[in-house]
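Turn this into a model:
(one chain, ligands or ions: 1)
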Amino acid sequence: MDRLFHNLIVTGSGDPDALNTNCGDGKEKSILDQAAGGATRPRSSDSGSSYFKDMSGGSSSGYMSLEKTVPGKETMYTYDVIKQSANYLLERTEHRPTIGVICGSGLGGMADLLTDRDVFPYGDIPNFPVSTVTGHAGRMVIGKLSNIPVMCMQGRFHAYEGYPLWKCAMPVRVMKLMGVEKLLITNAAGGLNSSFNVGDIMIIKDHINFQGFAGDSPLRGYNDERFGPRFPAMNNAYDKDLRKRAKAVATEMKLENVIREGTYVMLGGPTYETVAELKMLQIIGVDAVGMSTVQEVIVARHCNMKVFAFSLITNKCITDYETDDMANHEEVIGVANNRKSDLQELARRIVIAMNTDEE
Ligand SMILES: O=P(O)(O)O[C@H]1O[C@H](CO)[C@@H](O)[C@H]1O
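Numbering: from 1, shown residues only. The predicted structure follows:
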């Protein structure tokens, strides 16, 4: 009971799943269940899935011993658990994508461009979190974009939904184990650079990992070298060559007047920023503000994927006390919707550029 109490304290992170230990076999068991010697408890969103029916016949002897775990490992998905999610998808699609896409708020329409699609609601994929935010459909769509196999996350996970950063970014590892080597990430963001306009597209050149300053990271805890090194470098996280090519693509599309390049910061949200916070971010060189992306980039770079990312500037950050306007998610989604056709065409052409080897 002492150990149970210890675990209840140390896992109290606000993560809805923090009291669940993954048992290395894709099944999660609540610490309370374990203490009570309870039976396997499939996730509610997975109940009824044939995958879990297949998996649920065994005894409970496969559960990890809480005494033998490495710090951080008991609440993180192991390599084998990530592999199960990857295998689930690989067994159900014939596509073998090497390019992954993560769609930001209101930007999921890109997945609709895919042909020959296999669609997997997140709730059906073993070990996957579920999307809870408007503008994030919550499906993995695997298909072809201009005949190139692509897997596209129509909706992402954010820390403010209650997930730890490693869980927000776990689909990136699933993609890696499926063979993805290059990642295109999009997001909606507030424009802090005063020369930016609503509707501009900012190619991300660099980020400021604010959560990292406070000691949080998607890589915090046990490091499995099969994914990557304990101390990954983060300069050149946003691939130089892909940024150059994306600018050329934007020029071809006559988008040069709306294309920007700059530094993105991820804050925890879900509140938009105060004026004082925005003034501080301006001083440290931030051009666009959001609540996502950085954890995905860190995990992707850790496992040596090439990353390209852009922000759609959906609103101007409010840096004066006189304005009565207020940031709101409806505006974010509305602007994303209005810019849909340019963004989808830009993303399509960038995927084609990503698929050709650089000179
Ligand atoms: O970053 P994405 O997911 O595009 O969404 C952005 O829009 C939402 C706020 O309106 C936040 O989730 C913010 O991160």
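
Near the ligand, which residues of this protein are found?
Near the ligand, the residues belonging to the chain are 104-105, 133, 156, 158, 187-188, 269, 290-292, 329, 332 when assessed by C-beta under 6 Å from any ligand atom. For every residue, glycine as well, the C-beta is placed using N, CA and C.

What ranges does the stretch 151-300 of the chain have for its strands?
In the stretch 151-300 of the chain, the strands defined using DSSP state E, counting those that start in this stretch lie at 182-191, 201-209, 259-266, 288-290.

and residue 346, what pLDDT?
As predicted, residue 346 sits at a pLDDT of 95.

got it, and residue 136?
Value for residue 136, per-residue pLDDT: 80.

wait, isn't it in contact with residue 107?
No - Residue 136 lies out of contact with residue 107 (C-beta atoms under 8 Å); the separation is 9.4 Å.

Between these two, tell me which one has more neighbours.
Between residue 136 and residue 107, counted using other C-beta atoms under 10 Å, residue 107 has the larger neighbour count: 29 against 24.

Run through the stretch 51-200 of the chain and note the low-pLDDT ranges.
Residues of the stretch 51-200 of the chain that meet the criterion pLDDT under 70 lie in 51-74.

now do 90
Segments of the stretch 51-200 of the chain classed as low confidence (criterion: pLDDT under 90) are 51-76, 105-107, 131-137.

Pick out the residue of it closest to the ligand.
residue 104 (2.7 Å; C-beta to the nearest ligand atom).

ok, so what distance separates that residue from residue 82?
Residue 104 sits 23 Å away from residue 82, taking C-beta to C-beta, to the nearest Å as the criterion.

More neighbours: which of those two?
Neighbours of residue 104 and residue 82, each counted by other C-beta under 10 Å, are more numerous for residue 104; the result is 28 against 24.

Quick check: phi and psi at the more buried one.
phi -80, psi -180 (degrees, to the nearest 10).

can you pull up the bridge partners for residue 202?
Beta-bridge partners for residue 202, by DSSP bridges, are residue 260, residue 311.

looking at it, it is touching residue 261, isn't it?
Yes - the pair residue 202 / residue 261 is scored as a contact, 6.6 Å apart, by C-beta under 8 Å.

if we can go back for a sec, let me have the strands of the stretch 151-300 of the chain in TSV, extended by mean neighbour count.
Formatted as TSV, the strands of the stretch 151-300 of the chain follow (neighbours: other C-beta atoms under 10 Å):
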stretch	mean neighbour count
strand 182-191	26
strand 201-209	20
strand 259-266	21
strand 288-290	26
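
do you know which of those lies nearest residue 321?
strand 182-191 (16.9 Å; C-beta to C-beta).

what are the pairing partners of the closest one, and which direction each?
Each strand paired with strand 182-191, and its direction, by DSSP bridges: strand 99-102 (parallel), strand 288-290 (antiparallel), strand 306-316 (parallel).

Pull the distance from that strand to the chain's centre.
Centroid separation for strand 182-191 versus its chain: 10 Å, with C-alpha atoms, centre = their mean, to the nearest Å.

and the angle from that strand to strand 201-209?
Here strand 182-191 runs at 90 degrees with respect to strand 201-209, directions being taken by axes from the mean of the first three to the mean of the last three C-alpha atoms, to 10 degrees.

Just want the angle from strand 182-191 to strand 259-266.
Inter-element angle recorded for strand 182-191 and strand 259-266: 90 degrees (by the same axes, to 10 degrees).

What's the local residue count around residue 193?
A count of neighbours around residue 193, defined by other C-beta under 10 Å, yields 18.

What's the per-residue pLDDT of the closest residue to it other than its chain neighbours here?
Using C-beta to C-beta, 6 or more residues apart in numbering and skipping the chain neighbours, the partner closest in space to residue 193 is residue 287 (4.1 Å). Model confidence at residue 287, expressed as pLDDT, equals 98.

The one 3 residues further on too?
Looking at residue 290, its pLDDT stands at 98.
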